[in-house]
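Trainee: I'd like to go over a predicted model; first the sequence, then the structure.
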Amino acid sequence: MTDNYNHKSIERQIQKKWHEEKRYISQKDNREKYYCLSMFPYPSGKLHMGHVRNYTIGDVISRYKRMKNFNVFQPMGWDAFGLPAENAAIANKINPREWTNKNIENMKTQLQSLGFSYDWSKELRTCDSSYYRWEQLIFKKFYDAGLVYRKKSLVNWDPIDKTVLANEQVIDGKGWRSGAKIEIKEIDQWFIKITEYADELLSSLEDLDWPENVKLMQKNWIGKSFGAEIEYKIIGQKKSLVTFTTRPDTIFGVSFLAISPNHSLAIGLAKKNKKIASFLEKCKETKAAEADVAKGEKLGIDTKIEVIHPLTGKTLPVWIGNFVLLNYGTGVVMAVPGHDERDYKFAKKYNLNIKPVIENDNNKFPNVEKGILINSGKFNGMTSEEASQEIIKELIKLKSGKELIQFRLRDWGISRQRYWGCPIPVIYESEVPKVLNEIDMPIELPKLKANSLPVPLSQNEEFVNIAKDMQRESDTFDTFMDSSWYYARFTSADNDKQIFDENTKYWLPVDLYIGGIEHAILHLLYSRFFHKALRDIGMVDGDEPFKKLLTQGMVLKDGAKMSKSKGNTVDPQQFIDKYGADTVRLYMMFTSPPEQSLEWSESSVEGASRFLKRIWNLVSKRKNIKLEEKLNFTKDQLELRRKSHSTLKKVENDYESRFSFNTAIAAIMELINFIPEKYKENNASNEQKFCLNEAISFSLKMLFPIAPHICEYLWEKFNDSENSSIESSWPLFDMSIIEVKEFELIIQVNGKVRGKVFIEKNMKEDEIKEISIGVENVQKSIGANTIKKVIFVKDKLINFVI
RNA sequence: GGGGAUGUGGUGGAACUGGUAGACACGCUUGGCUUAGAACCAAGUGCCGAAAGGCGUGGGGGUUCGACUCCCUCCAUCCCUACCA
């Protein structure tokens, strides 16, 4: 028997060779470039299955593209700032930087053991000042461009720990560590005007080669809506309340206004009214996350304030509603219970007036469809569309409103009250903020003193207090800032003189970006915004950062996302140790297509391992002999050649345009299964050997992107030469070998398969009909019935309708 | 609450453009090899049925000669929801 497949020594040997050859360090050259980027990881400690899957996909495509003679750039780095480092520091009394660096070291070893072809010479980590100094510069440039401003906004406040909590740190309305009931608090924060780019972020989605569902999610998130801004005068005051609505046609159905509990009017009232004050207190207990606000019980309180309806002149009550979001629209909702689901429920609960003003086929409350206006004075009888236009005209005439385009997208709050993040380069002189100049950068994150735990920078007096009446900004950037431009910095990561350079121009945009579907909105939208803003200040070219996007699904176990809290994680390392990188990579690619979620199953790993062993046993003791004499193939031999070439064609298509690795692997398995036993024997004919060797060569090449170590090792032994690199070229298939004269005709009766028969292509329909009817089983099915109709699909099927 | 997906044998999945449902694997069953096991090899394996045949892609309805694929509706699960990354 042959030597056993020893993945450990093979993988070590091949990886050493790659490293010594510096094979995956990329440089500009004349070939077409291909920048293949996988989302960089947060260094949480060790790789999880999602990482392994993500990075295998990226590596398979990178390796395939290299074989297709593209100049591939595939870098890797670390999204190294963030909350978990602070948590770990507090839990284990480890310095966040040490913790992070240790994790990076470990995860890098893991990535290398998986044989990913990264250009490590461009490695970066966002927690190094060599990275974030440039982020501080970008902030300054954005500030100079008028994209940065300060505004009050809401945070989750833990009154015991005296810290701001992230949404995930609030559990059932309580701080996760202190257990204190959280409070919603308003504080000053830095914002970036992403809304200035709302229209472009929406319109340029169209040209992106991205999955339709991601584009749709972004479109809905940006949420451009056409409607009207309507003003309601407050009785007895000079002020008025302004609302935005997408349905001005329903204005005669307004029965009350609802304002946000955080609206200045509500806060003002609470000062004089105890009931309102206690209602607002109650509202503060719901955490700031939109999902929690929306899912919570709808509560309201009558303010006893009244406004005047601009068209009817009637008075309407003003309520405070906990479902009204301050940061969407104006923080005031005009409630039309007859034609809005939420308003209807609220009106029912608090016994408020419900008045139908739209009529259509669907006559039950609430009727949210458009229709014909009723109970709307002179607008009665108009369609919703007509009425909307006319009502806006009327409001403009009365100076009580205007047409307005509104975006759901809000400006990006980038301040975080934490330690482990990039310091915001601002100082306050007598409380007036001043953004620092490049010469004063970087503002280094202060090191923690030995044995001290991370606390928000605001509590670090040494850092904050520069002089009397001069303080440093103590907030850090949202970590989404760090990840919004790293794709560009990779191209110049080794340049400490400039943020970007001529390599940036060469490599951008990213040709393929691969990452989890969970980033479909935030990260991808922020990065798109950054690119456009960087473009407008002249730092990068092009309108979009990521030309093509591949979103991979979750890795699940027992139907649930693998997570520490559920205790259903599976550590990939044990499988790398036991089966080797090639098997783990093969398993990951074989078990489900990239965009779908993947259900982890250990027994399938066995299957992947078995297949590689079969390849090993087939190839390891065989040599590819050059045959000089002319070969004459039999029909059976040509069948194998046809299988080899058609498999190659299929695999190429699966890699290139479908990213369908599981079917590519299945096809290679089919080809291996298809090889007749006698071709493998020593006394096989030259023709048989040729066909076998062709199948082996193709298989090794086709499998190389997925299982590179074993394929490269076997390729070299098989070809007895180290000069012919497996990576040098992708083979060509021969169409003349693939094409066949015969095909299997499917014969149906009333759409059901009743027979199959092999016939020559290009036969006349009449002939085919005759042959088909002649088939015994078909004859039986037709019986005495007359054939009413014949459906004929060329080279495929014939269907008799009786 | 809103937005986006997914649902096919015992399991992961295939069917790419409306045209053979279940490719390729895992598992299982039987046999071979073996002192035994592992590994490996061979055959079988959607469900019901003795067979003929019928049924079958989350449930219900529709379009079509023909539907996993298109339309309507209901259900279940997952992701995102702006401070997890």
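Mentor: Alright, I've got the coordinates. Numbering: from 1, shown residues only, chains lettered A, B, ... in the order given.
Trainee: A:Gly268 in helix, strand or coil?
Mentor: helix (DSSP: H, G, I helix; E, B strand; the rest coil).
Trainee: so what pLDDT did it get?
Mentor: According to the prediction, A:Gly268 has pLDDT 92.
Trainee: any idea how far RNA strand B is from it?
Mentor: Using CB to the nearest atom of the strand, to the nearest Å, A:Gly268 is found at 25 Å from RNA strand B. Any C-beta I mention is one placed from the backbone N, CA and C, and that applies to glycine too.
Trainee: what about that residue, neighbour count?
Mentor: A total of 11 residues lie near A:Gly268 under the criterion other CB atoms under 10 Å.
Trainee: what of A:Tyr713?
Mentor: A count of nearby residues for A:Tyr713, using other CB under 10 Å, gives 24.
Trainee: phi, psi for it please.
Mentor: As for A:Tyr713, its main-chain torsions (degrees, to the nearest 10) stand at phi -60, psi -50.
Trainee: ranges for the helices of the stretch 301-450 of chain A?
Mentor: A:341-349, A:384-397 (DSSP state H, counting those that start in this stretch).
Trainee: mind checking which helix or strand A:Ile276 is in?
Mentor: Following DSSP states H and E, one finds A:Ile276 within helix A:274-283.
Trainee: in that helix, what's buried?
Mentor: Using 16 or more other CB atoms under 10 Å as the test for burial, helix A:274-283 gives A:Ile276, A:Phe279, A:Leu280, A:Cys283.
Trainee: before we move on, what about stretch A:685-695?
Mentor: In stretch A:685-695, counting by 16+ other CB under 10 Å, buried: A:Glu687, A:Gln688, A:Lys689, A:Phe690, A:Cys691, A:Leu692, A:Asn693, A:Glu694, A:Ala695.
Trainee: hang on, the earlier thing: so which elements touch the helix holding A:Ile276?
Mentor: Contact partners of helix A:274-283 among helices and strands, from 3 or more CB pairs under 8 Å, 6 or more residues apart in numbering; DSSP states H and E: helix A:264-270, strand A:300-308, strand A:315-321.
Trainee: so which of the ones you listed has the densest surroundings on average?
Mentor: strand A:315-321 (a mean of 21; mean count of other CB atoms under 10 Å).
Trainee: which element is encountered next along the chain beyond the helix or strand of chain A with the lowest mean pLDDT?
Mentor: None of the helices or strands of chain A scores lower by mean pLDDT, DSSP states H and E than strand A:560-561, at a mean of 72. For strand A:560-561, the succeeding helix or strand toward the C-terminus, using DSSP H and E, is helix A:572-579.
Trainee: so, in contact with RNA strand B or not, that following helix?
Mentor: No - judged by CB under 7 Å from any atom of the strand, helix A:572-579 stays clear of RNA strand B, getting no closer than 12.2 Å.
Trainee: which residues are contacting that helix?
Mentor: A:7, A:46-49, A:51-52, A:110, A:113-114, A:583-584, A:587, A:605, A:608-609 (CB atoms under 8 Å, 6 or more residues apart in numbering).
Trainee: restrict these to those near RNA strand B?
Mentor: Okay, of the contacts of helix A:572-579 touching RNA strand B (CB under 7 Å from any atom of the strand), that's A:Ala608.
Trainee: out of the contacts of helix A:572-579, which is nearest to A:Asp636?
Mentor: The shortest approach to A:Asp636 among the contacts of helix A:572-579 belongs to A:Ala608, at 30.0 Å (CB to CB).
Trainee: would you mind measuring from A:Lys93 to RNA strand B?
Mentor: With distances taken as CB to the nearest atom of the strand, A:Lys93 is found 20 Å from RNA strand B.
Trainee: could I have the CA atoms of stretch A:364-379 written out in CSV?
Mentor: Provided in CSV are the C-alpha atoms of stretch A:364-379 (Å, rounded to 0.1, in the frame of the first residue of the first chain):
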residue,chain,number,x,y,z
LYS,A,364,-62.0,47.7,7.6
PHE,A,365,-60.0,49.7,10.1
PRO,A,366,-57.2,50.5,9.9
ASN,A,367,-57.3,50.9,6.1
VAL,A,368,-53.7,51.7,5.1
GLU,A,369,-54.2,51.4,1.3
LYS,A,370,-54.7,54.4,-0.9
GLY,A,371,-58.1,55.2,-2.4
ILE,A,372,-60.7,57.9,-2.9
LEU,A,373,-61.1,60.7,-0.3
ILE,A,374,-64.2,61.1,1.8
ASN,A,375,-65.0,63.4,4.8
SER,A,376,-62.3,65.7,3.5
GLY,A,377,-64.2,68.8,2.5
LYS,A,378,-63.4,70.1,-1.0
PHE,A,379,-61.0,67.2,-1.6
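Trainee: list the buried residues for that stretch?
Mentor: Those would be A:Pro366, A:Asn367, A:Val368, A:Lys370, A:Gly371, A:Ile372, A:Leu373, A:Ser376, A:Phe379, for stretch A:364-379 by 16+ other CB under 10 Å.
Trainee: could you do stretch A:659-670 as well?
Mentor: Those would be A:Phe659, A:Ser660, A:Phe661, A:Asn662, A:Ala664, A:Ile665, A:Ala667, A:Ile668, A:Met669, for stretch A:659-670 by 16+ other CB under 10 Å.
Trainee: cool, stretch A:522-534 as well?
Mentor: For stretch A:522-534, a neighbour-count test (16+ other CB under 10 Å) marks A:His523, A:Leu524, A:Leu525, A:Tyr526, A:Ser527, A:Arg528, A:Phe529, A:Phe530, A:His531, A:Lys532, A:Ala533, A:Leu534 as buried.
Trainee: that'll do, ta.
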